[in-house]
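Novice: Need coordinates for the following:
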Amino acid sequence: MEIFFVVIFIFTFLPNFAKPDVVRGDTISATQVLRDGDTLVSANGTFELVFCSPGSSRLKYLVIRYNQIPEKSIAWLANRQVGINSSSGVLRVGEDGILVVLDDGGRNGTSIWSSNTRRAAVDPVAQLLDSGNLVVRDQYDINPDNYLWQSFDYPGDTGLTGMNFGINKKTGQEHSLSSWKTLDDPSRGNYTYRIDVTGLPQLLLRNDSSIRFRSGPWNGLQFSGAPFSRSNLSDNITYVSNDEELYVTSHVNSSTLTRLYLTPQGLIEWYIWTGTWYLNIAGGMDVCDVYRTCGSYGICDNNNSTICSCLNGFKPRNPREWRIGTWTNGCVRKNELKCFNDRFQKVSGVKVPDTQNSWYNSTMNLDECRRLCLKNCTCSAYGNFDVRKGGSGCLQWFGELIDMKSFPKSEQNIYIRLAASDIAATNGGNTSSSKTLRIIVVVSLSLAVLIIGLVVYVLTRKHRKSSGKPY
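Specialist: Numbers count the residues shown, from 1 in each chain. All right, here's what the predicted structure looks like:
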């Protein structure tokens, strides 16, 4: 009889001791596994962590995707470079706090993907937050500053609300978007969208190493030439730059689902859920969004029949090419600069030039910026660093001015260096130097008229006196 109960115990209870706990809720511990077919759901139900196949792919990936909407768009993938060719995928949380995705079809399983950790773990758990962020933390420590790892630090092709988009200056870790190869293949594609910190930071969309689209720098209110500037989205953007980090993040109502998406074709799209994904704004879509469409010193305007024109004081580098619609060689100066005798022409309503070859100072005023630029013969333009409260700071460009686009709503003015003869030959009514020149001309003419009048008056008096005529 005793032997019977021992046998029942072995076959009934021991398998449960050897088998990991079933995953429930939004958290998985080191004693549990998430298998293909299991689901981890965030507390408010917005996101889920599952194994699935994107598009028409037959490979399986561990993904975070939207849960409560019909279009379960994927927001993040763990093993995006290597899919699993079966339904045997498993996610484990190691006692060291490292996540591991295994192809568990074999006896021991093959590691497909793994995370890392910032420090030693104490009873680690992985939790899917309502923001769509998968975090690894110590079981009883919910302080975000103490997370061991988080998926928000490793974006794919999608940016979510609350995700920091930029770079940690101390560690060099970058938070940027990278496209899929195709809609069916989530492995890394050709396009990236990241903050470039060469000169004044700006967002750059690249095709491999070639720039395709440029947002312009942050001007205190918005990125000066980004499509997001055209909506009230800019009111919900926070830009942070200090000695340790540089990033931009967005904040919207938690009940509103939004996502920034880098397509396999290299387009930047911002979607809002309105019963379907509504394309609110997009970047890189028109010809003037394409980097350097009009070359150096050219301005692109989609509303003109000839979309490219040269700045005042400049002419097409190759007039024949310009006439047939080949503008990439841009424009050249009509007259050579004379350095200290040069003047500045104000230009408004444009996306400011590429800032990769620029210098900036947040404490100088505009007049100090002008005088400093005039002293440096290689300084080709200047403007305010920040447009808020009437403008502050100094931004200077060096070398050729590239990638300017008509942007009527822009609040950022730039002052372009020209030869004094070019200022005199153009309208130039908006520049301080031309205003000064105009005042000098008016005063000089007035004095000349006054002097001539006095001379005539004196001569007339003398003539009348000599002839004996009364005054």
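Novice: low-scoring stretches of the protein, by residue?
Specialist: By pLDDT under 70, the low-scoring segments of the chain are 1-24, 105-108, 227-235, 253-254, 284, 426-471.
Novice: Pick out the residue closest to the middle of it.
Specialist: Taking Cα atoms, centre = their mean, the centroid of the chain lies closest to L203, which sits 3.2 Å from it.
Novice: which SS class is that residue?
Specialist: Under DSSP: H, G, I helix; E, B strand; the rest coil, L203 falls in the strand class.
Novice: That one reaches Q222, doesn't it?
Specialist: No: checked against Cβ atoms under 8 Å, the pair L203 and Q222 is beyond contact range at 11.3 Å. (C-beta placed from N, C-alpha, C; glycine too.)
Novice: one step back: bridged to the residue nearest to the centre of the chain, which residues?
Specialist: Beta-bridge pairing for L203 (DSSP bridges): I195.
Novice: And K351, by the same measure?
Specialist: Residues in beta-bridge contact with K351 (DSSP bridges): K405.
Novice: Next, the contact list for it, please.
Specialist: Neighbouring residues of K351 by Cβ atoms under 8 Å, 6 or more residues apart in numbering: G216, S224, G225, D403, M404, K405, F407, S410.
Novice: just I299 next, same as before
Specialist: C308, S309, C310, L311, V350, M404, K405, S406.
Novice: Quick check: nearest residue in space to V41, chain neighbours excluded?
Specialist: In space, and not counting its chain neighbours, V41 is closest to E48: 4.9 Å by Cβ to Cβ, 6 or more residues apart in numbering.
Novice: Report how many residues lie close to T306.
Specialist: Other residues lying near T306 total 10 when counted by other Cβ atoms under 10 Å.
Novice: List the residues that contact it.
Specialist: Contacts of T306 (Cβ under 8 Å, 6+ apart): G325.
Novice: ok, D130 to S255 distance?
Specialist: Between D130 and S255 the computed distance is 11 Å (Cβ to Cβ, to the nearest Å).
Novice: More neighbours: which of the two?
Specialist: Of the pair D130 and S255, D130 is the one with more neighbours under other Cβ under 10 Å, namely 14 against 8.
Novice: isn't the more buried one right up against S42?
Specialist: Yes: if you go by Cβ under 8 Å, D130 and S42 touch, sitting 4.9 Å apart.
Novice: which residues touch the residue nearest to V41?
Specialist: E48 neighbours (Cβ under 8 Å, 6+ apart): T39, L40, V41, S42, I64, R65, Y66, N67, K72, L128.
Novice: Specify the beta-bridge partners of the fifth one.
Specialist: I64 forms beta bridges with L49, W76, as assigned by DSSP bridges.
Novice: Let me know whether it touches K72 as I believe.
Specialist: No: judged on Cβ under 8 Å, I64 makes no contact with K72 at a distance of 10.5 Å.
Novice: Between the two, tell me which one has more neighbours.
Specialist: I64 (24 against 15).
Novice: my guess is L59 contacts R80, does it?
Specialist: No: the pair L59 / R80 is not scored as a contact, 10.5 Å apart, by Cβ under 8 Å.
Novice: Look at these two and report which has more neighbours.
Specialist: R80 (23 against 17).
Novice: Would you check that the more buried one makes contact with K181?
Specialist: No: judged on Cβ under 8 Å, R80 makes no contact with K181 at a distance of 9.8 Å.
Novice: what sits in contact with each of these two?
Specialist: S187, R188.
Novice: residues near the closest residue to R388 other than its chain neighbours, how many?
Specialist: Nearest residue to R388, sequence neighbours excluded (Cβ to Cβ, 6+ apart): G220, at 4.2 Å. The number of residues packed near G220 is 18, by other Cβ under 10 Å.
Novice: List buried residues within the contacts of K351.
Specialist: Buried members of the contacts of K351, counted by 16 or more other Cβ atoms under 10 Å: G216, S224, G225, D403, M404, K405, F407, S410.
Novice: which residues touch the second one?
Specialist: S224 makes contact with S215, G216, P217, W218, K351, V352, F407, S410, Q412 under the criterion Cβ under 8 Å, 6+ apart.
Novice: now it: how far from C369?
Specialist: Counting by Cβ to Cβ - S224 and C369 are separated by 17 Å.
Novice: Confirm L374 sits in a strand?
Specialist: No: read with three-state DSSP, L374 is helix and lies in no strand.
Novice: wait, isn't it in contact with D342?
Specialist: Yes: shown here, L374 and D342 form a contact pair, counting by Cβ under 8 Å, at 6.8 Å.
Novice: got the residue ranges for the strands in the stretch 351-471 of the chain?
Specialist: 358-361, 379-383, 394-398, 404-406, 414-418 (DSSP state E, counting those that start in this stretch).
Novice: Tell me which other helices or strands the shortest one touches.
Specialist: Of the remaining helices and strands, those touching strand 404-406 by 3 or more Cβ pairs under 8 Å, 6 or more residues apart in numbering; DSSP states H and E are strand 298-300, strand 350-351.
Novice: what do you get for the first one?
Specialist: Applying 3+ Cβ pairs under 8 Å, 6+ apart, we find strand 358-361 packed against strand 394-398.
Novice: try the third one
Specialist: Judged by 3+ Cβ pairs under 8 Å, 6+ apart, strand 394-398 is in contact with strand 358-361, helix 366-375, strand 379-383.
Novice: Can you tell me which of the ones you listed is most buried?
Specialist: strand 379-383 (a mean of 25; mean count of other Cβ atoms under 10 Å).
Novice: strand partners of it, parallel vs antiparallel please.
Specialist: Strand pairing (DSSP bridges) places strand 379-383 next to strand 394-398 (antiparallel), strand 414-418 (antiparallel).
Novice: Between helix 366-375 and that strand, find me the angle.
Specialist: 170 degrees (axes from the mean of the first three to the mean of the last three Cα atoms, to 10 degrees).
Novice: tell me how far strand 379-383 is from the chain's mean position?
Specialist: From the chain centre to the centre of strand 379-383 is a distance of 23 Å (Cα atoms, centre = their mean, to the nearest Å).
Novice: Need the residues that contact that strand.
Specialist: When contacts are defined by Cβ under 8 Å, 6+ apart, strand 379-383 is touched by residues 344, 352-353, 366, 369-370, 372-373, 394-401, 412-417.
Novice: quick one: contacts for E336?
Specialist: E336 touches A419, counting by Cβ under 8 Å, 6+ apart.
Novice: Likewise for the one 3 residues further on?
Specialist: By Cβ under 8 Å, 6+ apart, C339 lies in contact with C377.
Novice: What's the separation between it and S421?
Specialist: 14 Å.
Novice: what's the answer for P155, then?
Specialist: From P155 to S421 the distance is 51 Å (Cβ to Cβ).
Novice: No more questions from me, cheers.
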